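Visitor: Just to be clear, the model below is a prediction. Sequence and coordinates:
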Amino acid sequence: MSAGVSTPVSAPVVRVGRIEGLRRRPVMLAFAGLALCALVLALGVALGSVGIPLADTVGVLLHRLFGWPAVSWPASTETIVFELRLPRVLTAMAVGVGLALAGATFQGLLRNPLADPYVLGTASGAALGAAVAMTVPLQMVVLGIGLVNVSAFVGASLAVAVVYRLARAGGLGSMTSVLLTGYAVGALLAAALALVMYLSGNSLRQIFVYLLGSFALSSWPQVLIGLPIITLGSTVILLRARVLNAMLLGEETAGHLGLDVNRQRLVLLGAATLVTAAAVAMSGLIGFVGLVVPHLVRLVVGPNARTLLPLSAIYGAAFLGAADLLARLPGELPVGVVTAVVGAPFFLYLLRRYRASYAL
Amino acid sequence: MPIATVLGIVLAIALAGCQAAAPAPTGTPLQSPLPTPASAPTTTPGTTSGEVPTEAPATAGPTAGPTESPAESPVAGYPLELVGQDGTTVTLEARPERIVSLTPATTEILFALGAGDRTVGRGDYDDYPPEATQLPGVAAFTGVNHEALVALEPDLVLAGGNFFTPPADIERIRELGIPVLVLYAPTFSAVLDDIRLIGQAVDTAVEAEQLVADMQARADEVTTAVEALERRRVFYQIGSEPEIYAPAPGSFIADMIVLAGGEPITTGDPAVFAIAVEELVELDPEVIVVGDAQWGVCPSDVAARPGWGTMTAVAESAIRPVNDTIVTRPGPRLAEGLAELALAIHPEAAIAPPADQLELCPE
Amino acid sequence: MSDIELELRGVGLAYGHREVLRDVHMVLRPGERAALLGPNGAGKSSLLRAITGGEGRRLGAVLLNGQPVEEIGRLRLARQVAVVPGQTTVAFPLRVEELVALGRIPHEHPLLGPRPADHAAVDAAMRRVGVESLVGRDVRELSLGERQLVVLAMAVAQGARLLLLDEPTVHLDLRHQVAVMELLADLSERDGVTVLAVLHDIALARHYFPRLLLVSEGRLVADGLPDEVLGAELMAEVYGIDDSLLAVLGGARG
């Protein structure tokens, strides 16, 4: 019984339509997403800039993965399918998972729809690390991982660590101040990057290509090291859906709802940074995935992290896997260009169509 | 976002550098700001015209396997071990029958050595000889298309050192079990070594020696003709938008200019590739060689620039366009390029003009 | 959940060396309803902060049913005490029922999430507060009054036996101010919830709260029935206003 309050003036809105139906079926959406991922995986291995008969592709996979006897196919086919395409698709999908989850996490932690995985200086840090590694006349490859990968990873992680320390030391503990500090540090690192590029001489082109993002150099050693890292970080994030939910009304309220905000914030920040650092170490700076995928998912299922996070991960994998396939079919387009060209108009369309959902 | 700013800056630099970088696809890493580890040029760029060393210096060359008398039973020369510019030893088990060349210069060299019929792939920008353009391109601006490369089933890949082919791509190709020979020539004589090296690798050592000899003869013709002439201060304009791009000291072009009887005007710093107009005016070139003529910059444009009128070269109308491709590409046409450059510096010299001269800036 | 008695012994709040609140002694019995009044900056919100533990360093002891608050685990505390902010900001589209459901976070399974009991509690809370008709609406589309009611529903869903409110009626229209006050009265009288609310509106406080606490310059200067606390001399001293204005306030009791 309502305590003396007459019914509010506005009548309840009964929402019908496809989006509402989807919202109520997150499990179905998850399965659809997984099916999409499977399709992307299959197409990604079967298609490429070189045409390979499907029978050969399947044969190679069965042979290398399950030890089936080898039928006759050219050695180059086996190399292309198993050494080039398969690790590449897996890397793209793993990076898609990581970036989408990191993006959702930063958006939730910073309570800012414009946040993406690179917002705390990770992009600039990684780029600077990679640029320095590419300019220095030193070629080092350990276990299939090059100096550039390590340098990018270190650069990204260090950047966030610096940002966080600076924000805390400034006496401002709130995530907003972390965001602002991140922007400032990122700008500083970007300036350093520009300087390195100016002095880089012949490696300028390489650095530029890195900035555009690419999966062209994916390999099994990268997968075997990068995938566990991304899995670890992603798991940590997925298990903390509750924290992100509590953060919807701000850090103070989250504390009043019983969470150790300081600690959880740090853990989530660390996990999201780890995942982003691994992603940029493997593939350079791919934009758009971390920003748009969580938004798209949120438009459909709402901000409840328990559905938002897993679905973002699944659709992030499918999206980036598909984008990479589109990038390599006509030659070697930078995948970052594809994600932007595909993602931006689609996102604009969705914003317009579902404007009400965003109260715009 | 700061990264957008950087990309904007980069785009600006890259577009500007296009003028400077565009010659790069012709095969010459023009500037070598960082001393490449394995092959710090042993030939000093300041060598006066005259001897172009004909013996193979320690930069790149075979370390094991047959080194002498390539004239005897070539096929028995395999397996062969060679060391490329990156210091990596490349082992060839047999005579390469499916060669992929990733730089315009190496593609030209292969065809000049008669190995064009064994070449199955090229870099996307390799444009000479015309038959080469029929081959599938497997390397573009963003790097090597490994899938396409592997599909060609090469048994030897020729790559460009000093970052022309991204080192990460070279590494990846090697991981896939394909031998990659890296070539890089910072001077004219080093180009001859590269030709010999490639000749060794693809079992055309005889043709290589012949080509080298021909090129050497042409170079000698040039150096002899300009020997007695006064050295003129030469400014080679690599590009002009948005800055004036000039050769760095110790660079390939500087070396070529010296051989062609000129005194190269450089940026003064191996890591700097642009020169301020005031500095150029002060250095007062006697000859301006328009290297970006193929991209629409003509002597009249240069002469019309404000502040340039005080230069001797402009006053005496000693502004001459050249076919930058043959002057800077470290391939078989380089000797002709040397001739063209020498004629641009000393039009009065007794040098036969290059065959197939490009019609540049008809005035 | 059992009813809660809130006791403050010598409680204060300090930022560094600066004490903004000192030496507050007070006991709020289960089901009691009290309003915190005072001029801006007097220390009302600081008192709340000293209880909930936010910024600043707490002095003295805060006890729930005799137990110091520090000894109660964070989660257990959240199940008993709800803090209702006066203003909320939401960065993303959030539906009414989703916001109310946040109140169940201290109760729900960390991984599996809400269980049927949690869903039932959310429904019950929305009905109790009277916002069930707002289900499906985006919180940002609501009027301030409707929104505040929804936030209250979240606190009710939390199942808290102690409600701490920081200026819950700021910016609300009269209709919703009354609705909030009526709801608080209902919760404390019918359900036995202990309520402590910081209010800026003296007339509203006087009408709806049987006990008033007056804070001035970091000290608790009065604690008792409205008539006792709102005496002319004290009010003039604390608020710096003269008799004529006081008469207006006195007349507002109606």
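Guide: Thanks, I have the structure now. Because the structure is a prediction, the values reported are computed rather than measured.

Visitor: C-alpha from now on. contacts and neighbour counts both.
Guide: Will do.

Visitor: Stretch A:309-321 and chain C, are they touching?
Guide: No: Stretch A:309-321 is not in contact with chain C by C-alpha under 8 Å from any C-alpha of the partner chain; minimum separation 12.7 Å.

Visitor: residues making contact with that stretch?
Guide: Stretch A:309-321 has contacts (C-alpha atoms under 8 Å, 6 or more residues apart in numbering or on different chains) with A:29-30, A:33-34, A:36-37, A:40-41, A:44, A:89-90, A:92-101, A:104, A:238, A:241, A:289-290, A:293-294, A:297, A:339.

Visitor: burial of the residue of the stretch 1-150 of chain C found nearest chain B, as a residue count?
Guide: Nearest residue of the stretch 1-150 of chain C to chain B: C:A91, at 19.8 Å (C-alpha to the nearest C-alpha). C:A91: 18 surrounding residues under other C-alpha atoms under 10 Å in any protein chain shown.

Visitor: who's in contact with it?
Guide: Counted by C-alpha under 8 Å, 6+ apart, C:A91 has contacts A:111-113, A:248.

Visitor: Over to B:R172?
Guide: Shown in contact with B:R172 (C-alpha under 8 Å, 6+ apart): A:L217.

Visitor: Which of the helices and strands in chain A ranks last by mean pLDDT?
Guide: Least confident element among the helices and strands of chain A, by mean pLDDT, DSSP states H and E: strand A:141-142 (a mean of 68).

Visitor: Point me to the helix or strand that includes residue 87.
Guide: In the absence of a named chain, chain A is used. In this structure, A:P87 sits in helix A:86-110 according to DSSP states H and E.

Visitor: tell me what that helix is packed against?
Guide: Packing partners of helix A:86-110 (3 or more C-alpha pairs under 8 Å, 6 or more residues apart in numbering or on different chains; DSSP states H and E): helix A:26-46, helix A:175-199, helix A:220-238, helix A:241-246, helix A:261-283, helix A:289-301, helix A:305-328.

Visitor: For the ones you listed, could you give me CSV that also reports mean pLDDT and mean neighbour count?
Guide: Shown next, in CSV, are the helices and strands packed on helix A:86-110 (pLDDT from 0 to 100; neighbours: other C-alpha atoms under 10 Å in any protein chain shown):
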stretch, mean pLDDT, mean neighbour count
helix A:26-46, 95, 18
helix A:175-199, 88, 20
helix A:220-238, 95, 19
helix A:241-246, 96, 26
helix A:261-283, 93, 23
helix A:289-301, 92, 25
helix A:305-328, 96, 26
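
Visitor: Take these and lay them out in a markdown table including distance to A:A159.
Guide: Shown next, in a markdown table, are the helices and strands packed on helix A:86-110 (distance: least, C-alpha to C-alpha, whole Å):
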| stretch | distance to A:A159 |
| --- | --- |
| helix A:26-46 | 32 |
| helix A:175-199 | 8 |
| helix A:220-238 | 18 |
| helix A:241-246 | 23 |
| helix A:261-283 | 10 |
| helix A:289-301 | 18 |
| helix A:305-328 | 24 |
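
Visitor: State the next helix or strand along the chain beyond the lowest-mean-pLDDT helix or strand in chain B.
Guide: Least confident element among the helices and strands of chain B, by mean pLDDT, DSSP H and E: strand B:61-62 (a mean of 40). Once strand B:61-62 ends, the next helix or strand along the chain (criterion: DSSP H and E) is strand B:80-83.

Visitor: Name every strand pairing with that next one and say which way it goes.
Guide: strand B:61-62 (antiparallel), strand B:89-92 (antiparallel) (DSSP bridges).

Visitor: So for that strand, mean pLDDT?
Guide: Averaged over strand B:80-83, pLDDT sits at 93.

Visitor: can you list the weak-confidence ranges in the stretch 151-254 of chain C?
Guide: The model of the stretch 151-254 of chain C has pLDDT under 70 over residues C:232, C:242-254.

Visitor: So which residues of it form strands?
Guide: With DSSP state E, counting those that start in this stretch as the criterion, the stretch 151-254 of chain C has strands at C:162-166, C:194-198, C:211-216, C:219-224.

Visitor: For the first one, enumerate the helices and strands it packs against.
Guide: For strand C:162-166, the contact count by 3+ C-alpha pairs under 8 Å, 6+ apart identifies helix C:44-52, strand C:81-84, strand C:194-198 as packing neighbours.

Visitor: hey, C-alpha coordinates of it in CSV?
Guide: What follows is strand C:162-166, C-alpha atoms only, in CSV (Å, rounded to 0.1, in the frame of the first residue of the first chain):
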residue,chain,number,x,y,z
LEU,C,162,18.4,1.9,10.0
LEU,C,163,17.9,4.5,7.4
LEU,C,164,20.3,7.4,7.1
LEU,C,165,19.1,10.2,4.7
ASP,C,166,21.1,13.2,3.6
